[in-house]
Each structure stands twice: as structure tokens, then as C-alpha cells.
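J.: Make a model of this:
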Amino acid sequence: MIMESKAVNPLLLSIPEQFETERLVIRAPQWEDGELVNAAIRESVDELRPWMPWVQQVPTIEESMISSRQGRIHFLERSDLRLYLFHKTTGQFVGGSGLHRIDWEARKFEIGYWIRTSLNGQGYITEAVAGITEFAIQTLQANRIEIRCDARNGPSARVAERLGFTKEAVLRREKCDVNGELSDTFVFAKVRGTEY
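T.: Below you'll find the predicted structure:
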């Protein structure tokens, strides 16, 4: 378990590379993950493109390999904790998530997530986000966990609502969407001392 000291350099933290939920293995990226991530992105590009700026151009296998390896490096640096989701029984790559925009002093994290289209609607993302939230609370001693999503992204917002995140704000016309249009952002959060 990580100590709650604010003075600890994140590079000194011993963070498990893998944990499990009922149906999923959730783990840090490994050097060889790029090809299977690329296949899931290609399968899901139409569903991801409206919300994910990084899918506007379908990545090549080489680009996905580089991205996964960067995710591995960032995990080791503790600057971003990308996590990949795998089905426990089949080993199939389910999707991506992680703890981003980390503030180690405040112990604040933001959870992002996406799922491959063929596995959508089966509760995997809700299960993964619940597991990652618990991991952040118990292992990383999170004081604040956020989920941010485009206000038009109903499925993403419903994940936060199902898991008891409090809708704290609507940031109106906060950023440009993938089409360059101003859009609103929902901010959901769990905060130590109130929700847990």
C-alpha cells in the first residue's frame, strides 16, 4: 500500500502493474500490445471518432505500437497510468482506460475509458471503471477522482452516474470538439470524505 505522504516522489511508488475485477484483467501496457490495440481501434473507429481526438486519423500498426510503448514509459515514470482491459477467460483485448492528468501532491486522478465496438453494451466499461476507482482509492490513496466527458456523450456520462460519481459541473462551451465546434463538458467526481 502506498503511504499518504505528499513528499514522496512518484518514481519511488510501488504501483501494481495488474489487478482484476470479476471478468477483467486490468494491466499496464506492455511493449508488444500495439497490434492488438490497433485492431480494436480499427474495429471501433466509427463509435470512437466523435469523442476521441486521437482517432481522427486511423492509426497504423506502427503508430499504435509507439503509442502503447509510450504508455508503458509513462506508467513507469508515473506521469500517466494508462491501463488496458482484457477478458479474464478469453484473453481478448476489451478496451482502454487509465488514470490521467495526475496530481500526485493532491492525489487527484481523472479516469478515461473506451471499449471495442463488438463488446459494447455488456457492462465491461462500468466494471472496469469501478475496479479502477477502487484501485485509485485503496492503492493510490486518491483524494479526488474525476470523470470528464462531452455533454453529448450519453453512454460515457451514464457510466459515471451508475457508479455514484457526483455531477459537479457543466463547463459550458469549454472546448472545441473533434469538428472544431465549441462543446460543453460534464465533470463528475468522487471525493474522499464525502463519497468514500
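J.: which residues does K108 contact?
T.: Going by Cβ atoms under 8 Å, 6 or more residues apart in numbering, K108 touches R101, I102, A142, N143, R144, I145, E146. All C-beta spots, glycine's among them, are computed from the backbone N, C-alpha and C.
J.: how far is the longest helix along the chain from where the chain is centred?
T.: When the chain is parsed with DSSP state H, its longest helix is helix 61-77. The chain centre lies 15 Å from the centre of helix 61-77; the measure is Cα atoms, centre = their mean, to the nearest Å.
J.: Give me the contacts around it.
T.: Here helix 61-77 makes contact (Cβ under 8 Å, 6+ apart) with 10-11, 15, 17, 28-31, 33-35, 37-38, 41, 59, 80-82, 98.
J.: try 6 Å
T.: With contacts defined as Cβ atoms under 6 Å, 6 or more residues apart in numbering, helix 61-77 is touched by A28, P29, W31, D33, G34, E35, V37, N38, D80, L81, R82.
J.: Next, the buried residues of it.
T.: Using 16 or more other Cβ atoms under 10 Å as the test for burial, helix 61-77 gives S64, M65, S67, S68, R69, G71, R72, H74, F75.
J.: so which of the contacts of K108 comes closest to I132?
T.: Nearest to I132 among these is I145, at 8.7 Å by Cβ to Cβ.
J.: Grab the nearest non-local neighbour of the closest one.
T.: Of all residues not flanking I145 in the chain, K190 sits nearest, at 4.8 Å (Cβ to Cβ, 6 or more residues apart in numbering).
J.: can you tell me how far that neighbour sits from R144?
T.: Distance of K190 to R144, given as Cβ to Cβ, to the nearest Å: 7 Å.
J.: Looking at the two now, which is surrounded by more residues?
T.: The neighbour comparison of K190 against R144 (other Cβ atoms under 10 Å) goes to K190, with 22 against 17.
J.: Relative to the helix or strand the more buried one falls within, what are the paired strands and their orientations?
T.: In this structure, K190 sits in strand 182-191 according to DSSP states H and E. In the sheet, strand 182-191 lines up against strand 144-150 (antiparallel), strand 166-176 (antiparallel) (DSSP bridges).
J.: avg pLDDT for the shortest one?
T.: In this case it means strand 144-150. If you average the pLDDT over strand 144-150, you get 96.
J.: Show me where this protein has its helices.
T.: Secondary structure of the chain by DSSP H: the helices cover 34-48, 61-77, 124-138, 154-162.
J.: okay, among the contacts of K108, which ones form the most distant pair?
T.: Largest separation among those by Cβ to Cβ: R101 and N143, giving 14.0 Å.
J.: Cool, thanks, signing off.
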